[in-house]
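>>> sequence unknown, structure follows:
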Ligand SMILES: Cc1cc2nc3c(=O)[nH]c(=O)nc-3n(C[C@H](O)[C@H](O)[C@H](O)COP(=O)(O)O)c2cc1C
């Protein structure tokens, strides 16, 4: 069962949960993948409630999102099995099916195609309405130095792209 919630009532909980981490789930070509995120923003743009996800170019999640611009955010309420966050934050969906490996329970979505994850019950269904790679020139030089060393074989850095997801539904899986 899903209990609808007002996302703003949970703004503090969502922000707090980003450390140690929450899950961002995508679905493309019939495959579901999830990854741990520690950076994100909840706010308003174009009069719409949005969750902004920051995804590095190397993530399988980026390829999935660029195919299907939808994602769910799942936030623990209470204790969460730390193994879920560490596994989903170190293994890539390119190499393994993280959902099956961990035995996570997918929950049918209400509005988009991407399911939620029962083990982290607070769920936001989001549809990408804007995306933009962070402008390397606009990043504070010290932050740039710490976060974006050369990464790819050609020397390019692994920059984040911001995905603005309009929050279309918010509920707790019970
Ligand atoms: C606590 C934690 C927070 C993370 N936050 C982010 C994030 O905000 N953005 C990002 O691109 N990667 C983040 N990562 C790294 C990804 O979760 C990790 O690279 C993952 O294996 C990517 O999975 P994928 O290749 O299936 O997309 C985080 C990892 C951890 C452990």
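Yes, it's here. Bear in mind the structure is a predicted one, so any value in this text is a computation, not a measurement.
>>> Stretch 109-121: which residues count as buried?
Of the residues in stretch 109-121, those buried by neighbour count under the rule 16 or more other Cβ atoms under 10 Å are 109, 112, 114-117, 119-121. All C-beta spots, glycine's among them, are computed from the backbone N, C-alpha and C.
>>> from these, which are also near the ligand?
The residues of these that also fall near the ligand, by Cβ under 6 Å from any ligand atom, amount to none at all.
>>> Number of residues surrounding the residue of the chain found nearest the ligand?
Taking Cβ to the nearest ligand atom as the measure, the point where the chain comes nearest the ligand is residue 89, at 2.5 Å. Number of residues near residue 89 (other Cβ atoms under 10 Å) recorded here: 16.
>>> again, but for residue 157
Counted with other Cβ under 10 Å, residues neighbouring residue 157 total 16.
>>> so it sits right up against residue 139, yeah?
No. Judged on Cβ atoms under 8 Å, residue 157 makes no contact with residue 139 at a distance of 10.0 Å.
>>> just to revisit the earlier point, next up, the contacts around the residue of the chain closest to the ligand.
Contacts for residue 89 (Cβ atoms under 8 Å, 6 or more residues apart in numbering) come out as 21, 35-36, 38.
>>> One more pass at 6 Å, please.
Residue 89 makes contact with residue 36 under the criterion Cβ atoms under 6 Å, 6 or more residues apart in numbering.
>>> what bridges to the residue nearest in space to the middle of the chain?
In the chain, the centroid-proximal residue (Cα atoms, centre = their mean) is residue 24; its distance is 2.6 Å. Here residue 24 sits in beta bridges with residue 35, residue 73, going by DSSP bridges.
>>> Ok, residue 127 next?
Taking DSSP bridges as the rule, residue 127 bridges to residue 70, residue 166.
>>> Residue 70 is in contact with that one, correct?
Yes. Applying Cβ atoms under 6 Å, one finds residue 127 in contact with residue 70, separated by 5.4 Å.
>>> Quick check: residue 145 is in a strand.
No. Counting by DSSP: H, G, I helix; E, B strand; the rest coil, residue 145 falls outside a strand, being helix.
>>> Distance check, it against residue 157.
Counting by Cβ to Cβ, to the nearest Å, the gap from residue 145 to residue 157 is 10 Å.
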